[in-house]
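# Sharing a sequence plus its predicted fold:
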Amino acid sequence: MTSRSSRLKVDTPLSGGSGRFSGHILGLKAGVWFAGLLVAAPLLSLVLIAMTGNPSVLGYTLLVTLPMTARDTLGLLVGVTVVATILGLSTAWIVSLFDFPGRRILSVALAMPLAVPTYLVAYVYVALLDAINPGFSLSAHWFGAEWFPTGLASFARSLPGAALIMGFVLFPYIYLPVQSAITRQGANLKDAARLLGATPYRVFTTIILPLSRPAFALGLTLVLLETLNDIGASDYLGVQTFTVSIYTTWLNRGSLPGAAQLAMGLMSFIGILLFLEHRARGDRRFAYQRQTRPVSRRQLRGWGAIGAVTICLIPVTIGFLLPISFLIIQSVKRFEQALSADVLAGQLASTLAFSGIATASVVILSLIVLVTLRFFGSLDISLAGKLATFGYAVPGTVLAIGLLGPLAGFDNMIANLFRELTHQRIGLLLMGSGAALVIAYTIRFMTIGIGALGAGYAKAPKSLDDAARVLGRSPGAVFSEIHWPLLKPAIAIASLLVFIDAIKELPATLLLRPLNIETLATYVYSEASRGTFENGAVSALFIVLAGTIPAIISVRLFDQRPIKGF
Amino acid sequence: MGIIALCFLTCSYVTSFAVAAEVNVYTARELQLVSPAFDAFTAATGIKVNTIYIKDGLEERIKAEGQNSPADVILLVDAAKLITAKEMGLTQPVSASSLEKAVPSILRDPAGNWFAVTQRSRVVYASRDRVAQSAITYEELADPKWKGRVCIRSGQHPYNISLFAAVLAHMGADKATEWLKGLKANLARKPSGGDRDVAKDILTGICDVGIANTYYVGIMRNSPDPDQKAWGDAVKTLDTSFAGAGTHVNISGAAVAKNAPNREAAIQLIEFLTAEQAQNMLATLNFEYPVRSGIDANATIGLFGPIKADPLSLSEIASYRKRASEIVDEIGFDQ
């Protein structure tokens, strides 16, 4: 196939299956299918569970539960979207296009709220506002109860409160990819626009924002999915989301099939949303080449600098500094009854090990999917690739329940076979070893891996591939010489997002970990669950720290100047 | 042929694990509450206890693991969960005279599939300063005199579903729905938070009374954290009962797993948990009531007095849970 035709129709495979690459191609395609089927397994198992259900449960839910949860669910989604979008876009814009004292530190600090799990921040804010509350109660006592009828703590435990709290920890999902996208857009278009007299605001809305759309879409998708699938924070803050109803159906009404039906419904809703976004984006391409020089940041001084610092400092304070201070204070208070160092080290080690292995596995599989799509994309492959991004669309526990069947089925097959052959019991291979956990994380976070890497890949123009191919480079050489250097920042951001999410992950960890293994998150949960969440403060602090360190490294990594020559 | 193979498998299964000095516990109870008892068990018997804490989905995991599941002992909170585990075929009957002696018959499965280990009652907390009475009925909570004065966690929380199921069993569907609407109308804030938040909100003046489990008061009052101590000290537990009946009580309990590889050790552990030493430990650790009779001198009874359990059977209450959960949604209790 000539590069000419592939230039005309960008998605056409570049090399077909000819010659010495056919082996690699087959391997790559098998890799994509593996990723797709891995994600499909628990979903299929959920469909099977759903099909055993009594349709009356679904009917009841549609008639009674859905109308009731619709208001809170949509309200929360809209609220979190507004908060996270305002915070994410404004900070990304300021940090990438302006220079002011403390910019570098703030650009890192703005990623930090991601390291604080939403359920944790919900507990912290109720506790924090309660701590201020007695003052208000006192004033209520003096001035009459109607002045402060329920106090600040009740504000946290309300729909607007929940939306604010969640928005302030989820906005970095938007900030990170958009900031990275703006930095890598280069200066040409912006400079041209500025020369033609456009205001910074106009440049932002007409050039930067549209060019950052894939990055923004990815970030917003993650924010929405996190919100929709959250159970810990919503439940504690008394927000009745659809996901809370899925749990109610399962646990209080004893209907797992009913819960599975609801989860499938939720997934279809999410699928439609994603599809609509994709279609709206249409055939537009977001590649830009010839970044002759990096984006130049405008120096801010005086009030401008103070304003920029303030805008960046507010989300950092609310989403990170306050919660982490609270955790530190609680940890110090409980220093004497804190966990022994070796128990804590054990929790930390298992957390890091599971998250690290899962991150590597997500990044490798995502790369395989994207590379294969780029070079040899055909209908079946893009279908399998799409499939691989569905793990995040299901609430964690529901996904884990769906995984139980396939994992334990596999384990039992091996165990029975082994026993037949050797008369020995080997136990459950995947469930007993923690491999189940890595598989669950991989399935759940592949959405993030493919999304973040894909957003990075979209910036490498296809014409580069074509040029290199015309010059006789093999797909392998195109990848290693052109894509790889361009992809490195995207890999850093994908690894960061996946790793932090894996550290925080709770429901699948709780359900699928082996005996005698406790991660930081499961320990914090067990304390929270018996109503003594402050006792888990030390472990909670370590969750945040474990997420903070890679965040600092990654931000530093992709904050560096764009690669020379492009 | 198949039967021979099966027998062969079962035999090798039994022989290869009969000697193992360990027992695997799948627990929906937080380990912080049960580990000290497990340590005492290991000290007494030399049997190592392996544990996994799973809150939701524990039953589904054991079911999926099937015949190769390592689960020996299943610890669950709420009688309804134990009953469901038996119905799902996850447990096996055990007949041990020591267990039958230790656990009163109303607190265990008639066929020996599960045994209660601790009991807890769900009562009304009241402000020490603003509420004079020392006893109350659940029925009274729907009385308009409490308007704007009641706090409670989510109506869909298992503790509340169990209480509402008991209300349904006592009053019938219509009256129970009216009662729940009345309770809803009396709430000072939207149902949210946990049981400790009820005490906290009583201290801060958001409400005067609230529904919560007794043991939290013990935990809070004995907390090294002065804030928590203040919450605990701000409230008293009222002598709460259904009109003409008793207090709503639920249990945590243990079962031997269907495919337990260490069945004997599993039974030993449950026997240990219901024996004197562990019963005292569990009661002291979490201020729950022991199930074994004759254990009087413990902190729980000192705080709350002896238990006066509702005569309604736990399995009857459990049968009303689904309907209770539906009514909570239908009247928009959590809205």
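Cool, got the structure. If you're wondering where the values come from, they're calculated on a predicted model, not measured in any experiment. Numbering: from 1, shown residues only, chains lettered A, B, ... in the order given.
# mind listing what B:Gly246 touches?
B:308-311 (C-beta atoms under 8 Å, 6 or more residues apart in numbering or on different chains). Any C-beta I mention is one placed from the backbone N, CA and C, and that applies to glycine too.
# Sort out which of these are buried, if you could.
In the contacts of B:Gly246, burial by neighbour count holds for B:309-310, counting by 16 or more other C-beta atoms under 10 Å in any protein chain shown.
# Spell out which residues of the stretch 151-300 of chain B are next to chain A.
B:154, B:156, B:158, B:161, B:188-197, B:200-201, B:203-206, B:216, B:219, B:224-225, B:227, B:261 (C-beta under 8 Å from any C-beta of the partner chain).
# in the stretch 151-300 of chain B, what residue is nearest chain A?
Here the residue of the stretch 151-300 of chain B nearest chain A is B:Ser192; by C-beta to the nearest C-beta that distance is 2.7 Å.
# wait, that residue sits on A:Ser234?
No. Using C-beta atoms under 8 Å, B:Ser192 makes no contact with A:Ser234, being 9.9 Å away.
# Pull the contacting residues for the closest residue to A:Thr118 other than its chain neighbours.
Excluding its sequence neighbours, the residue lying closest to A:Thr118 (C-beta to C-beta, 6 or more residues apart in numbering or on different chains) is A:Ala233, at 4.3 Å. When contacts are counted by C-beta under 8 Å, 6+ apart, A:Ala233 touches A:118-119, A:121-122, A:162, A:165-166.
# next SSE after the longest strand along chain B?
Looking across chain B with DSSP state E, the single longest strand is strand B:115-127. The helix or strand immediately downstream of strand B:115-127 is strand B:135-137, counting by DSSP states H and E.
# who's in contact with that next one?
Counting by C-beta under 8 Å, 6+ apart, B:124, B:126, B:209, B:238-243 sit against strand B:135-137.
# Which positions in it come out as buried?
B:136-137.
# that older thread, farthest-separated two in the contacts of A:Ala233?
A:Tyr119 and A:Ala162 (11.6 Å; C-beta to C-beta).
# of those two, who's got more company?
Neighbours per residue (other C-beta atoms under 10 Å in any protein chain shown) separate A:Tyr119 from A:Ala162, with A:Ala162 holding more: 30 against 24.
# What values do phi and psi take at the closest residue to the more buried one other than its chain neighbours?
Of all residues not flanking A:Ala162 in the chain, A:Leu237 sits nearest, at 4.3 Å (C-beta to C-beta, 6+ apart). Here is the backbone geometry of A:Leu237 (degrees, to the nearest 10): phi -90, psi 0.
# before we move on, what about the one 10 residues further on?
Backbone geometry at A:Tyr247, expressed as degrees, to the nearest 10, gives phi -70, psi -40.
# Test my guess that it contacts A:Ile401.
No. Contact status for A:Tyr247 versus A:Ile401: not in contact, 11.1 Å apart, counting by C-beta under 8 Å.
# between the two, who's got more neighbours?
Ranked by neighbour count (other C-beta under 10 Å), A:Tyr247 and A:Ile401 place A:Ile401 first, with 29 against 19.
# what helix or strand is that one on?
Assigned by DSSP H and E, A:Ile401 belongs to helix A:396-422.
# Helix or strand: which one has A:Ala353?
Going by DSSP H and E, A:Ala353 is in helix A:341-376.
# hmm, that helix in reach of chain B?
No. Helix A:341-376 stays clear of chain B (C-beta under 8 Å from any C-beta), getting no nearer than 10.9 Å.
# elements contacting that helix?
helix A:22-51, helix A:379-387, helix A:435-457, helix A:484-504, helix A:520-529, helix A:537-558 (3 or more C-beta pairs under 8 Å, 6 or more residues apart in numbering or on different chains; DSSP states H and E).
# With adjacent residues omitted, what lies nearest to B:Ala275?
B:Ala102 (6.6 Å).
# Any idea how many residues pack against the spatially closest residue to B:Ala165 that is not a sequence neighbour?
Distances taken as C-beta to C-beta, 6+ apart place B:Tyr320 nearest to B:Ala165, at 3.8 Å, with adjacent residues excluded. Close neighbours of B:Tyr320, defined as other C-beta under 10 Å, add up to 23.
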